[in-house]
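Student: Mind looking at a prediction? Sequence and model below.
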Amino acid sequence: MWINDDGGAMASGMIGRAALVTGGSSGIGLALATTLAERGYAITLVGRQQDKLDRAVRRVEEAGGTAHAVAGNLADEQTAVRAIREHRERFGRLDVLVNSAGLGMAEPIHRLTTKRLDLQLDVNVRAVAVLCREAADLLREAGREHGNALVLNLASISGKQGVAGFAAYSATKFAVVGLSEALAGELAPDGVKVTALCPALVDTPMTDPMEATVPKASMIRVEDVATAFRMLLDLSPACVVPELVLGRPGAGLTLGGGRA
């Protein structure tokens, strides 16, 4: 274990690489955290439910990493601020930031309430921006050290083409793509890469309500997303992927199937 007995910051030089993953207790976030753990990363996992985070910590440690859990709702700005602060205190560096937490609600615009609109904006856009803001100095330090720090922002294929019935969700994911493009320009001089990952429907609990429209068997696998992530991690400092779209055969730039 890298953590001191008192749970405080680690002595200088004792840690190799560190990452923070939001939405890290299940689905895509947990798969990406496990991928990092297999490479020996120290990881802060952020999620809403402590019990699920505790199970995720065990998964990460079994895969070879060291994990710290931060429970909280990213709709609250202070959760994002606290997550970066605790990560800094615990691990002292940040080489990879994965913004995987997200929220989607299928509603036509005439039924969209302001409360539901604000919730999607808060989690899908504001939290990503706040996390990047709070983590920027740590990422720049890592980037100046090895030229290969990475921010991975989970957008969606519906951030490339708006999807009927998902107007608010599509708007937030377009925003994530635009935010990622802007951040790439700001952070590149310090060796920090930014990638917007835009998958179609992935077989996770979040997409369970879509199964009537798109069978789970035809959805992208979580392991497909992890494979794409491994590729990004393996690139040299001279290569950057600003945007990565993971589609489904024959679906084009849509969620795929039915009304989408």
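Tutor: Arrived safely, thanks for sending.
Student: Parallel or antiparallel, which strands does the lengthiest strand in the chain pair with?
Tutor: As assigned by DSSP state E, the longest strand anywhere in the chain is strand 192-199. Using DSSP bridges, the strands paired with strand 192-199 are strand 149-154 (parallel), strand 243-246 (parallel).
Student: What mean pLDDT does that strand get?
Tutor: Across strand 192-199, pLDDT averages out at 97.
Student: in this protein, which spans are strands?
Tutor: Along the chain, counting by DSSP E, strands occupy 18-22, 42-47, 66-71, 96-99, 149-154, 192-199, 243-246.
Student: The first one pairs with which strands?
Tutor: As defined by DSSP bridges, the strand partners of strand 18-22 come to strand 42-47 (parallel), strand 96-99 (parallel).
Student: what's the angle from it to strand 66-71?
Tutor: Strand 18-22 and strand 66-71 meet at an angle of 30 degrees, taking axes from the mean of the first three to the mean of the last three CA atoms, to 10 degrees as the criterion.
Student: For residue 139, list the residues it contacts.
Tutor: Taking CB atoms under 8 Å, 6 or more residues apart in numbering, we find residue 139 in contact with 94, 95, 97, 149, 151, 187, 190, 192. From N, CA and C alone the C-beta is placed, and that goes for glycine too.
Student: Report how many residues lie close to residue 104.
Tutor: 22 (other CB atoms under 10 Å).
Student: Check residue 47 too.
Tutor: Neighbourhood size, residue 47 [other CB under 10 Å]: 25.
Student: Name the nearest residue to it, ignoring sequence neighbours.
Tutor: Counting by CB to CB, 6 or more residues apart in numbering, residue 47 lies nearest to residue 25, which is 3.5 Å off, once chain neighbours are set aside.
Student: One more: residue 57?
Tutor: Leaving aside its sequence neighbours, residue 57 sits nearest to residue 67 (CB to CB, 6+ apart; 4.3 Å).
Student: Give me the distance between the one you found and residue 173.
Tutor: 28 Å (CB to CB, to the nearest Å).
Student: Which one's more surrounded, those two?
Tutor: Higher neighbour count among residue 67 and residue 173: residue 173, with 28 against 25, using other CB under 10 Å.
Student: pLDDT wise, what is that one at?
Tutor: 97.
Student: measure it to residue 71 for me?
Tutor: Between residue 173 and residue 71 the computed distance is 25 Å (CB to CB).
Student: pLDDT (mean, whole number) over stretch 41-59?
Tutor: Mean pLDDT, stretch 41-59: 97.
Student: actually stretch 135-142, not the one I wrote
Tutor: Mean predicted confidence for stretch 135-142 is 98.
Student: Name the residues that touch stretch 154-174?
Tutor: Contacts of stretch 154-174 (CB under 8 Å, 6+ apart): 23, 28, 98-100, 102, 104-109, 112, 116-117, 120-121, 124-125, 175-177, 180, 196-200, 245-247, 252-255, 259-260.
Student: my guess is the residue nearest to residue 57 meets residue 43, correct?
Tutor: Yes. The criterion here is CB atoms under 8 Å, and residue 67 meets it with residue 43 at 5.1 Å.
Student: Which residues are in contact with each of the two?
Tutor: 33, 37, 60.
Student: separation between residue 53 and residue 130?
Tutor: Taken as CB to CB, the span from residue 53 to residue 130 is 20 Å.
Student: Could you tell me how many residues sit around residue 51?
Tutor: Using other CB under 10 Å, the number of residues around residue 51 comes to 10.
Student: rewinding a little: most surrounded residue in the shared contacts of residue 67 and residue 43?
Tutor: Going by other CB under 10 Å, residue 33 tops those with 31 neighbours.
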